[in-house]
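> Got a predicted model here, sequence first, then my questions.
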Amino acid sequence: MTHPFMSNAWFEAIVRIRDEVGELPMNEAIKDVVINLVVTDGPDGDQEMHMKAGSFDRGLAENAGAKLTIPYEIARNLFVERDQQIAVQAFMAGQIKVEGEVGTLIKMQLPKEDTPQSRELKDRIKEITEV
């Protein structure tokens, strides 16, 4: 069953998938990285979420090093399709707004370990997200 990106059902499915896949190996440099995200123009309006140690959750975190404001379609392509190029293009065009420590975002660009677990997580997230 598929769910709209960032809907309550999508977040619930993500939690189930993370629990089933288990803890992923994490680059030490990003273990403590927290980034807030405000996704604009979505089907349900603006949504707030945060990423901590590579995992998404709803709401903003108090200890975030940076905050991104990003349009819904760009966020979906970046986080579900893993299209890094669209993020670069959107940033250069001023569609992605950054507040706080830019160095926090740079840490997120460090190479991530490509493991069977990380591929499974990525593939399953893609499978449950509506096109």
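Structure received. Residues are numbered from 1 along each chain as shown.
> residue ranges with poor pLDDT in the chain?
Along the chain, segments meeting pLDDT under 70 span 107-113.
> Count the residues that sit near T69.
16 (other CB atoms under 10 Å). For every residue, glycine as well, the C-beta is placed using N, CA and C.
> And D83, by the same measure?
Around D83 sit 14 other residues, with neighbours defined as other CB under 10 Å.
> Can you show me the helices along the protein?
With DSSP state H, the ranges of helices along the chain come out as 8-21, 72-79, 84-92, 102-108, 116-128.
> contacting residues for V102?
A66 (CB atoms under 8 Å, 6 or more residues apart in numbering).
> hmm, try it at 10 Å
65-66 (CB atoms under 10 Å, 6 or more residues apart in numbering).
> and if you look at P4?
Neighbouring residues of P4 by CB under 10 Å, 6+ apart: 10, 42-44, 72, 76, 129-130.
> Just send those residues back as JSON lines, with distance to A87 and neighbour count too.
Shown next, in JSON lines, are the contacts of P4 (distance: CB to CB, whole Å; neighbours: other CB atoms under 10 Å):
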{"residue": "W10", "distance to A87": "20", "neighbour count": "18"}
{"residue": "G42", "distance to A87": "17", "neighbour count": "17"}
{"residue": "P43", "distance to A87": "21", "neighbour count": "11"}
{"residue": "D44", "distance to A87": "22", "neighbour count": "11"}
{"residue": "Y72", "distance to A87": "13", "neighbour count": "19"}
{"residue": "R76", "distance to A87": "11", "neighbour count": "21"}
{"residue": "T129", "distance to A87": "17", "neighbour count": "20"}
{"residue": "E130", "distance to A87": "21", "neighbour count": "14"}
